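In: Generate a structure from the sequence data that follows.
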Amino acid sequence: MLYRQTALTRSIAQVGLLHDRSLMAHCTHVSSADLARLSRTGTAVSHCPLSNVYFSAERQLPLREAWQAGVKVGLGSDISGGYRVGLDENMRWAVGISRLRQGQGQHLDAAEPGSNSVAITWQEAVYLATLGGAQALGLDRERNVGTLEVGSAFDAQWIRVGGKGSRVEWFDLPDQDGQIKAVSVEEKLERWWCNGSEADRKAVWVQGRRVYTQET
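Out: Presented below is the predicted three-dimensional model:
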């Protein structure tokens with residue numbers, strides 16, 4: 001795990017532990033030089049935002065700067081770090097932490113010139129939990145997972161919101177003129193991202209095999 005400073009990353013690199021099959025956890029104390037080294041060696045990072053709130057409150061992974069440096073980043077939960085192991089909760093925390101960094105003016109010098117935004121969107125958080133994780137683990141190449149494109153392995157979950165136990169409000173809303181506006185697919189996904197829970201997960205497939213079905 002990569003926690004501290006550039007000297008440590010140099011030492012790790014010298015013994016050959018930084019390569020495209022390495023996955024470093026947290027990386028809350030990295031510098032721009034560290035990010036450049038991780039990118040150059042193909043080393044990926046597992047971002048565990050909820051765990052970092054508990055155990056590294058003053059320093060967080062500079063996620064936006066890591067992306068800009070070309071570092072592969074996937075979303076993690078750390079299991080023991082925090083009160084939830086699910087990636088759904090960690091997606092929300094990833095956005096929240098990035099907004100706190102933005103508000104506190106936490107920017108590494110690795111940020112792109114002219115860019116002062118380190119906050120991420122909910123769409124980018126979904127990427128972290130799906131294709132970002134597959135890329136960090138090398139599964140996008142080895143097993144062709146992380147997307148729903150034709151030819152990819154079918155790793156998917158069936159989400160149905162608004163049913164029994166759901167925390168997602170499900171109704172069409174009026175627009176500025178008072179006309180009822182149909183909810184788009186993206187808006188439905190955003191509502192699930194904000195308030196979704198296990199109650200909305202009806203089934204899960206891994207490599208095309210159904211491994212979970214919610215009891216009715």
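
In: Tell me where this protein has helices.
Out: For the chain, the helices defined by DSSP state H occupy 6-14, 32-41, 49-55, 63-68, 87-103, 122-127, 133-137, 139-142, 185-195.

In: okay if I get these as a markdown table plus mean neighbour count, distance to residue 24 and mean pLDDT?
Out: All C-beta spots, glycine's among them, are computed from the backbone N, C-alpha and C. Formatted as a markdown table, the helices of the chain follow (neighbours: other CB atoms under 10 Å; distance: least, CB to CB, whole Å; pLDDT from 0 to 100):
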| stretch | mean neighbour count | distance to residue 24 | mean pLDDT |
| --- | --- | --- | --- |
| helix 6-14 | 15 | 9 | 65 |
| helix 32-41 | 20 | 7 | 93 |
| helix 49-55 | 20 | 13 | 88 |
| helix 63-68 | 22 | 11 | 96 |
| helix 87-103 | 19 | 17 | 93 |
| helix 122-127 | 18 | 19 | 97 |
| helix 133-137 | 21 | 10 | 94 |
| helix 139-142 | 14 | 17 | 81 |
| helix 185-195 | 15 | 26 | 90 |
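
In: residues contacting the residue positioned nearest the centre of the chain?
Out: Taking CA atoms, centre = their mean as the criterion, residue 128 is the residue nearest the geometric centre of the chain, at 2.8 Å. Residue 128 makes contact with 47, 73-75, 91, 94, according to CB atoms under 8 Å, 6 or more residues apart in numbering.

In: Just to check, residue 74 is in contact with residue 138?
Out: No - Residue 74 is not in contact with residue 138 according to CB atoms under 8 Å; the separation is 10.4 Å.

In: More neighbours: which of the two?
Out: residue 74 (23 against 15; other CB atoms under 10 Å).

In: partners of the more buried one in the sheet?
Out: Beta bridges link residue 74 to residue 46, judged by DSSP bridges.

In: Skipping adjacent residues, who's closest to residue 77 in space?
Out: residue 85 (4.6 Å; CB to CB, 6 or more residues apart in numbering).

In: pLDDT wise, what is the one you found at?
Out: Listed pLDDT for residue 85 reads 79.

In: how far away is it from residue 75?
Out: Residue 85 sits 12 Å away from residue 75, going by CB to CB, to the nearest Å.

In: The two - which one has more neighbours?
Out: residue 75 (22 against 14).
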